[in-house]
Structure formats: C-alpha cells, structure tokens
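Peer 1: Can you look at this prediction? I've put the sequence above it.
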Amino acid sequence: MSSGTAADDQFYREYILDHYKNPRNYGRLEHPDISHEEDNPLCGDVVGMDFRVNDGVIEDVRFHGRGCAISQASASLLTERLKGLALDEAKKIDKNDVLGELGIQISPARIKCALLSLKVLKVGAYGLADDEDEE
Amino acid sequence: MSTNGARRLDVAAIRNDFPIFETGIVYLDSANTSQRPRQVTGAMLDYFEHFNSNIHRAAYHIAEVATERYEGTREKVRAFINAASTKEVIYTRGTTEAINLVAYAWGRKNVRAGELIVLTILDHHSNIVPWQILAAANGARIEYVDIDEKGELRQDQFHELLKRSPRLVAFSQVSNALGTINPAREMVAAAKAAGATVLVDGAQGAPHQGVDVRALGCDFYAFSGHKMLGPTGAGVLYGRRELLEAMDPFQSGGDMIKTVRIEGTTYHDLPWKFEAGTQAIGEVIGLGAAVDYLSGLGMEAVRAHEREITEYAYEALSDIEGLTLYGPPPSRRAGVISFSLEGIHPHDLATIADRDQVCLRAGHHCAMPLMTRLGVAATARASFYVYTQKDEVDRLVGSIKEAQRIFK
C-alpha cells in the first residue's frame, strides 16, 4: 500500500524486525539465580528471563517467549543492555529507557507489549533482592 | 422485515448516511461495535437539544415527548424481534448487562446446587463469566459444548449433555470470534425438550439476520444496540413474560417500584420492574432509530449483503500464502473472518493495517476458552456490515501483503 514506507520507517524499523527475527540472548540458562516470566493475556504475549548474578552484577541473561514483534524485540534489546550491568543499575531502568531504546512511537494499545520485558526485569530483580535481604 | 429476499442493499447510498466514512477509514470491526448513521445520531441529538428531560415522571410537554420516544422504541424492538408484548422487552446497557440480569435475577433463585449449566466453547466471556459466578455461588456445575474442526458446535455432544437434564442452556446465536452461525432453532427446541431454560446470546445475531424470538422458542434473548447501528449503552433483554413475572428485580431504586413504605415495597409492572434509576434515554431513542434504519433496509437484504461480502473476503484471503482461516465455510458463517498469518503476530498486522487506515481487530475477541481450544493466543479478525464494500476487502488484502513484505 502507498503508506507502506511509513510503516517501514517509523514503526517496524529494520533493527526492530532484526531483533524480532534474530533475537539476541534467546533461550534458557541452566541454574539461573533469577528466573521470572510474565504474560499479557490480552494479546497472548509471553516473556521470561533467566539471570545469572555474581557479586551484584548480571553476568548472563537469556530470554524466552512468544508474541508480537514489539514485545519480543523489546526483550531482545533489553537483554543486550543488561549483560554485565550491576543489578542496582538494572533496577533503575525505567519505562522511558525502554521506549527510547525502541525509538518508535508506541500507541497506547501497544505500550504493554513494549514494556512486558521491563516488567519481567522489575519483578524478577526485586524478587532476588528480597531473597538476599533475608539471607 | 423485508418481504423481498432478492432486494439488494444500495451500499453507496447507505455509506452516505455514515459521516465517519468521510475520514477515509476502512472499518472492518463491526462485530466489535458498528458505525452509526446520521439517522441514529440525529434522533439522539434531537432529544438532547429539544426535549431533554426525564421520563415517566414529569407532567410537562417535553417530558411527555421523551417518554413517548423512549417507550416508542420498545414497540419498535418488540416488532423487530417479534416478541408477544412490549412487557417482554427490557432495556439494558447491552448484552452483558442483559445476561447478568438473568444470571442474578433468575439464576440465583432457580439454579440449585449440583444442577447443570450447559454453555459452549464458542461463547463470548459475557455469556460465560456470569454463569461461572452463579455456579460458584449456587454450587452448580458447568459443561461446555466443544467444536469440531470446522469451528461448528458438536451437536452429538450437545445432545449427550441434554440427557443430563441441564437446568440452563445458554449459547450464542453467532460466534463473535469465528462467525459460526449456530443452528439456534434446533438447539433451543432440543434444550426445551430436555426441560432446560434457554438463553440465546444474540449480540452477533440480531444485527445481522432477522430475529423471531417466538419462532426461536427461547426463554431469554439478549442483544446490544451498539452492534446494530445504535449507540453504546442501550441494549435489550427479551424474556418470556411468565419467567420475568416470577423473577425478583435485578437493580432496585427509583422508577422500578409501585409503592415504597417503611414496612416494604411493591415492585412496578413489567418491563419497568427491571429498569431501576434514570435510564439511558437518549441512547434508547437512538436504538429506536437504528431499528427503524435496519427495518427499512430489510434484514434479509442485510444478511444477503453480508454473505456476499463474506464469500468475497473468504475467497480473497484463501488465496494468500501463509494465511490460516478459522471457522466454517462462508455459507455457514456471519460476516466475521478470523485468521492468522505465519510469522506475524495479529497485533503487528493490525498496526500495519492501521497505517493504511484499515481498522482490524487483533486479540482473543473476549473468547479466551475458544482461543485456547484453537491453540492460538490471538487471531486477526475482519468483520463486515451493511456499509462494507468489496474494495475495502481489497484494501485489507493489500495491508496483509504489506505486512508479509515487511516481515519476510
């Protein structure tokens, strides 16, 4: 269609499609220190993340899941950023960081897709912090 | 109702009644909510601008006009569904509230512990969740009729369940997710013969085919105005008079009473017993205009047009590689087509279609048990109505091909 270029340029940018088709850090970790999964029942998107944490630093991270290009590309992008990051720093990542990284206008209807992986990080990371506090 | 089945809709003329099409959108989501013609918004505006007042109470002129239009709609609806009396036509906010009304006001009193409620896997959440809540409260059990590989209800299984003497059978006349037209008349007859009370969810039925509740033989029939060219906030529960008479009120308060004394209250007659509080008067008046509009077109012509568009769309989509269609062949479905594309999530397709001004639904269509049964999280869905043209289907095909190009 005539406005197809707009779709290419603005929404489904090449690198988003690339992250969708060739997700980085995709798969599972054996014996992860943190493992957490969230879903968005409205559209059936699922994202889960496994973390290996050493000395407060995310040594390794993998994600798995299924869903739309936005949810999966967002997860892939996030794992790239998380690798090697201190957990305390990871906790500071917010909505604007994730949306900024995607670099596209996300409509209100799709915002949950874009932020699903951040939710996994938040719930997962704080879950581990609680465990540590107890130790 | 049209007496001439061969009459064709003049779609170009119809589209002139819908200002929204001047925006250039291709609207393929009428199963979600339909568009509204000027006749409907005009009738509502007339009320708001010229005789806005409360009904049934005041003695001045404009209130009389408002009451007359509000009650006049009831007769239009009665004729539209061929109910025996306007006493059997209860206004609700929509199908959801109509079914909740039955679940609460009939169900709590009549469905007992251990009794069986039969639903179907095709049902919309609004015809599942109220019964689940009732079953939990009253200790009843629920069984769901499954579908076959074509997306049609397994009648063999339905008849097996009927042998267990269900207290209630509730099913949708037409599936909102697959478009399957259920053999409602046969199913109601079988369920009645088995001694069940029967509710038919007509949300996707009433807008698209002629409804005759007496020929259908059901006890309750629920539908929404906003899916049949009317406004949101106005829907209908039809109930057989003797059942409605025996039921307690749903909501209570103003306008549904005859007398209120400290010692106790007597309720109003039908249908007002079920219409507590100030009603959506403008919306009901809009619903009346929508019924007039559809009756003017003739429901046979409406159905014929939808069938033609659906057949055209079904064929066009069948030709696309990597596209999976769900549900029965076009001759046995309403104007709804659910599909999925290999490697492209429905939400991504909907976003790309939106760039072409094509409004497409993507999601579980409030039918999560059905999606689970089909083994998908979501589908894309195109749905059609009286104003849909073939070139709009072509635009959809264009968006699908564009999505495939982007995602290849």
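Peer 2: Yep, that arrived.

Peer 1: Just the pLDDT for the residue of chain A at minimum distance from chain B.
Peer 2: Here the residue of chain A nearest chain B is A:Gly44; by Cβ to the nearest Cβ that distance is 2.1 Å. (Each C-beta comes from the backbone N, C-alpha and C, glycine too.) Looking at A:Gly44, its pLDDT stands at 82.

Peer 1: wait, what's in contact with it?
Peer 2: Going by Cβ atoms under 8 Å, 6 or more residues apart in numbering or on different chains, A:Gly44 touches A:Arg66, A:Gly67, B:His364, B:Met371, B:Val376, B:Ala377, B:Ala378.

Peer 1: so what's the closest residue to the fifth one other than its chain neighbours bridging to?
Peer 2: Counting by Cβ to Cβ, 6 or more residues apart in numbering or on different chains, B:Val376 lies nearest to B:Ser340, which is 6.2 Å off, once chain neighbours are set aside. The bridge-partner assignment for B:Ser340, based on DSSP bridges, gives B:Thr324.

Peer 1: B:Ser340: neighbour count?
Peer 2: 21 (other Cβ atoms under 10 Å in any protein chain shown).

Peer 1: Tell me how far it lies from chain A.
Peer 2: Distance, B:Ser340 to chain A, using Cβ to the nearest Cβ, to the nearest Å: 11 Å.

Peer 1: shouldn't that residue be in contact with B:Ala377?
Peer 2: No. Using Cβ atoms under 8 Å, B:Ser340 is not in contact with B:Ala377, being 9.7 Å away.

Peer 1: Mind exporting the C-alpha coordinates of stretch B:139-155 to PDB?
Peer 2: Extracted C-alpha coordinates of stretch B:139-155, given in PDB (Å, rounded to 0.1, in the frame of the first residue of the first chain):
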ATOM      1  CA  GLY B 139     -22.900 -24.900  43.700                       C
ATOM      2  CA  ALA B 140     -24.000 -25.600  40.100                       C
ATOM      3  CA  ARG B 141     -21.800 -27.300  37.500                       C
ATOM      4  CA  ILE B 142     -20.900 -26.100  34.000                       C
ATOM      5  CA  GLU B 143     -20.200 -28.100  30.900                       C
ATOM      6  CA  TYR B 144     -19.100 -26.600  27.600                       C
ATOM      7  CA  VAL B 145     -20.100 -28.000  24.200                       C
ATOM      8  CA  ASP B 146     -17.000 -28.400  22.100                       C
ATOM      9  CA  ILE B 147     -16.500 -27.500  18.400                       C
ATOM     10  CA  ASP B 148     -15.400 -29.700  15.500                       C
ATOM     11  CA  GLU B 149     -12.500 -29.000  13.200                       C
ATOM     12  CA  LYS B 150     -14.700 -26.600  11.200                       C
ATOM     13  CA  GLY B 151     -15.500 -24.500  14.200                       C
ATOM     14  CA  GLU B 152     -19.100 -25.700  14.500                       C
ATOM     15  CA  LEU B 153     -20.600 -26.900  17.700                       C
ATOM     16  CA  ARG B 154     -20.600 -30.700  18.200                       C
ATOM     17  CA  GLN B 155     -24.300 -31.400  18.200                       C
END
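
Peer 1: For it, give me every contacting residue.
Peer 2: Residues contacting stretch B:139-155 (Cβ under 8 Å, 6+ apart): B:111-123, B:131-132, B:134-135, B:157-158, B:161, B:164, B:166-167, B:171, B:175, B:178, B:180, B:182-183, B:186-187, B:326-329, B:332, B:369-370, B:373.

Peer 1: Mind checking which of these land in helices?
Peer 2: Assignment to helices by DSSP state H places the following of the contacts of stretch B:139-155 there: B:Trp131, B:Gln132, B:Leu134, B:Ala135, B:Gln157, B:Phe158, B:Leu161, B:Glu186, B:Met187, B:Pro369, B:Leu370, B:Arg373.

Peer 1: From one end of stretch B:111-121 to the other, what's the distance?
Peer 2: The straight-line separation of the ends of stretch B:111-121 (Cα to Cα, to the nearest Å) is 21 Å.

Peer 1: Can you give me the buried ones in it?
Peer 2: Buried positions in stretch B:111-121, judged by neighbour count with 16 or more other Cβ atoms under 10 Å in any protein chain shown: B:Val111, B:Glu115, B:Leu116, B:Ile117, B:Val118, B:Leu119, B:Thr120, B:Ile121.

Peer 1: And stretch A:59-67, by the same measure?
Peer 2: A:Asp60, A:Val61, A:Arg62, A:Phe63, A:His64, A:Gly65, A:Gly67.

Peer 1: quick one: buried residues of stretch B:294-309?
Peer 2: Buried residues in stretch B:294-309 (16+ other Cβ under 10 Å): B:294, B:297-309.

Peer 1: What's the local residue count around residue 34?
Peer 2: In the absence of a named chain, chain A is used. 23.

Peer 1: Switch to chain B, please.
Peer 2: B:Ser34, neighbours per other Cβ under 10 Å, totals 24.

Peer 1: Tell me if I'm right that it and B:Pro231 touch.
Peer 2: No. Look at B:Ser34 against B:Pro231 with Cβ under 8 Å: they stay out of range, at 10.2 Å.

Peer 1: Quick check: beta-bridge partners of A:Met49?
Peer 2: Beta-bridge partners, per DSSP bridges, of A:Met49: A:His36, A:Phe63.

Peer 1: How about whichever residue of the stretch 51-200 of chain B sits closest to chain A: what's its closest non-neighbour residue?
Peer 2: Nearest to chain A in the stretch 51-200 of chain B, going by Cβ to the nearest Cβ, is B:His125, at a distance of 11.6 Å. Spatially, and ignoring its direct neighbours in sequence, B:His125 is nearest to B:Cys366 (4.5 Å; Cβ to Cβ, 6+ apart).

Peer 1: Please name the residues that touch B:Ala290.
Peer 2: With Cβ under 8 Å, 6+ apart, B:Ala290 has these contacts: B:Arg36, B:Pro37, B:Val40, B:Gly225, B:Met228, B:Leu229, B:Gly230, B:Pro231.

Peer 1: Most neighbours among those residues, which one?
Peer 2: B:Gly225 (35 neighbours).

Peer 1: which phi and psi does B:Arg303 have?
Peer 2: With angles defined as degrees, to the nearest 10, B:Arg303 sits at phi -60, psi -40.

Peer 1: Please report the distance of B:Glu306 from B:Pro329.
Peer 2: 15 Å (Cβ to Cβ, to the nearest Å).

Peer 1: hang on, I meant B:Pro19
Peer 2: Taking Cβ to Cβ, one finds B:Pro19 at 35 Å from B:Pro329.

Peer 1: Same check on A:Leu77?
Peer 2: 43 Å.

Peer 1: Looking at these two, which has the bigger crowd around it?
Peer 2: Neighbours were counted for A:Leu77 and for B:Pro329 using other Cβ under 10 Å; A:Leu77 has more, 20 against 13.

Peer 1: so how far is the first residue of stretch B:254-270 from its last?
Peer 2: 15 Å.

Peer 1: For it, buried residues please.
Peer 2: Buried, per 16+ other Cβ under 10 Å, within stretch B:254-270: B:Asp255, B:Met256, B:Ile257, B:Tyr267, B:His268, B:Leu270.

Peer 1: Give me the neighbour count for the nearest residue to B:Tyr314 once chain neighbours are set aside.
Peer 2: In this structure, B:Tyr314 finds its nearest non-sequential neighbour in B:Pro330, 4.3 Å apart by Cβ to Cβ, 6+ apart. Using other Cβ under 10 Å, B:Pro330 has 22 neighbouring residues.

Peer 1: gap between B:Pro330 and B:Phe384?
Peer 2: 11 Å.
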